[in-house]
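>>> Here is the input, now give the coordinates:
(4 chains)
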Number of protein chains: 2
Amino acid sequence: MLAPMRAAEIAEQRCSIARPAALLGDRWILVILRQAFNGIKRFEDFQESLGISRSLLSDRLGRLVEAGVLRREPYKDSVRTRDRYRLTEMGLDLYPVLMALRQWGDRYLANDFPPADIRHRDCGGEPTLELRCSKCGEEMGARDAEVRSPIPA
Amino acid sequence: MLAPMRAAEIAEQRCSIARPAALLGDRWILVILRQAFNGIKRFEDFQESLGISRSLLSDRLGRLVEAGVLRREPYKDSVRTRDRYRLTEMGLDLYPVLMALRQWGDRYLANDFPPADIRHRDCGGEPTLELRCSKCGEEMGARDAEVRSPIPA
DNA sequence: GCCTTGGGTTCAGAAAGTGAACGCAAGACT
DNA sequence: AGTCTTGCGTTCACTTTCTGAACCCAAGGC
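Got it, this is the predicted structure:
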């Protein structure tokens, strides 16, 4: 199974948003990453927990490995040698993306269930994503930002 | 054109990440939002700047309107009445998601071009996304987080 | 009345996604 | 040794979605 044609075209744009979008703009990729951050590593566990078809899971894990987000490596179970997929440094750095999704989802789409309970391991506080100006330290939103080198597409 | 079947299933999960993923886990949706944040409002301008097919653009804008991320409204051009699509408050609050993608993209995927230049309107500083513990104020990464109510799927 | 423009909808063919069935290597069982 | 199970896929036939090109239609202009 090949990567989608249009994804490749989007990925070629010289744009800091289009390139990640070409990889991450996919429902399965995002929930696979969520599971990876939840500690899932084995093919079977991804497949069962997500209800994704094997062929598609195989394709998506392959894309993530190729992109450098996951690393596939053999490891010794108590019983035998298996493979597992682990987040690389590059993959771990996607955490803010997932947290941004979660924060927005909790706010606007989670009316019928309690929000995710994720805590700082050290102190039990709640992680919050802040968009802050690195110069003046003010918190910012979309309206406070100005695009100087814009709009590549 | 109907929304993809599996998207609906993912959207039904009681999960703060799966729900936004069902809407945003789509290449076109993400670049459409980028353009919206870049100030694009009209159907034609989205279409030309993205090279997306009209039918698909129509479908995606419709999804975003239905989700409450965009609002469609008529307005008076100098010449005549047109429609435009504008970000709602809910849509503007997606800014951190786009910034998270951009920050990651700049770091790992933008080796062949200069990163996007986005500045704080007031002081010219650069916006940075920080994941911080709201209790102790420490900056956090994936490894410092602990999932207490996990793994809905 | 006819033309242009914006914002679509409607095709038919191409690509991607789907679940079920099959492949295959490494240990374990007998 | 031969068979069984488990993990991790690939292949297949079928369905759904995407694609670009062609068409539609209302509001203004000529």
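>>> Okay, and the beta partners of residue A:82?
residue A:75 (DSSP bridges).
>>> pretty sure it contacts residue A:75?
Yes. Residue A:82 lies in contact with residue A:75 (CB atoms under 8 Å); the separation is 6.3 Å. Where you see a C-beta, it was placed from the backbone N, CA and C, and this is true even at glycine.
>>> Now for residue A:127, how many residues are close by?
25 (other CB atoms under 10 Å in any protein chain shown).
>>> Get me the contact residues on chain A for DNA strand D.
A:1, A:5-6, A:42-44, A:54-55, A:58-59, A:61-62, A:72, A:82-84 (CB under 7 Å from any atom of the strand).
>>> Which one's more surrounded, residue A:82 and residue A:75?
residue A:82 (14 against 11).
>>> Please pull up the helix or strand immediately following the helix or strand harbouring residue A:36.
Assigning secondary structure by DSSP states H and E places residue A:36 in helix A:27-37. Sequence-wise, the next helix or strand downstream of helix A:27-37 (DSSP H and E) is helix A:43-50.
>>> from chain A, which residue is nearest to DNA strand C?
Minimum separation of chain A from DNA strand C (CB to the nearest atom of the strand) falls at residue A:53, amounting to 3.1 Å.
>>> For residue A:115, give me its contacts.
A:106, B:16 (CB atoms under 8 Å, 6 or more residues apart in numbering or on different chains).
>>> Can you classify it by secondary structure?
At residue A:115, secondary structure determined by DSSP: H, G, I helix; E, B strand; the rest coil is coil.
>>> per-residue pLDDT, it?
pLDDT recorded at residue A:115 is 88.
>>> low-scoring stretches of chain A, by residue?
Counting by pLDDT under 70, the ranges of chain A that qualify are A:1-8, A:78-79, A:150-153.
>>> now the helices for it?
A:5-12, A:18-24, A:27-37, A:43-50, A:54-67, A:89-92, A:95-108 (DSSP state H).
>>> Quickly compare those and say which is most buried.
Ranked by mean neighbour count, these are led by helix A:18-24 with a mean of 26 (mean count of other CB atoms under 10 Å in any protein chain shown).
>>> Run the chain-centre distance for it.
11 Å (CA atoms, centre = their mean, to the nearest Å).
>>> same check, this time on stretch A:19-26
Centre to centre, stretch against its chain (CA atoms, centre = their mean), the figure for stretch A:19-26 is 10 Å.
>>> Stretch A:122-137 too?
That offset, for stretch A:122-137, works out to 19 Å (CA atoms, centre = their mean).
>>> Whether that stretch contacts chain B - can you check?
Yes. Using CB under 8 Å from any CB of the partner chain, stretch A:122-137 comes into contact with chain B via A:122-136.
>>> From these, list the buried ones, please.
Restricting these to buried positions leaves A:125, A:127, A:129, A:131-133, with burial counted as 16 or more other CB atoms under 10 Å in any protein chain shown.
>>> what two of these are the furthest from one another?
A:125 and A:133 (23.2 Å; CB to CB).
>>> quick revisit: chain B: which of the buried ones among the residues of stretch A:122-137 next to chain B is nearest?
Set against chain B, the nearest of those by CB to the nearest CB is residue A:125 (2.5 Å).
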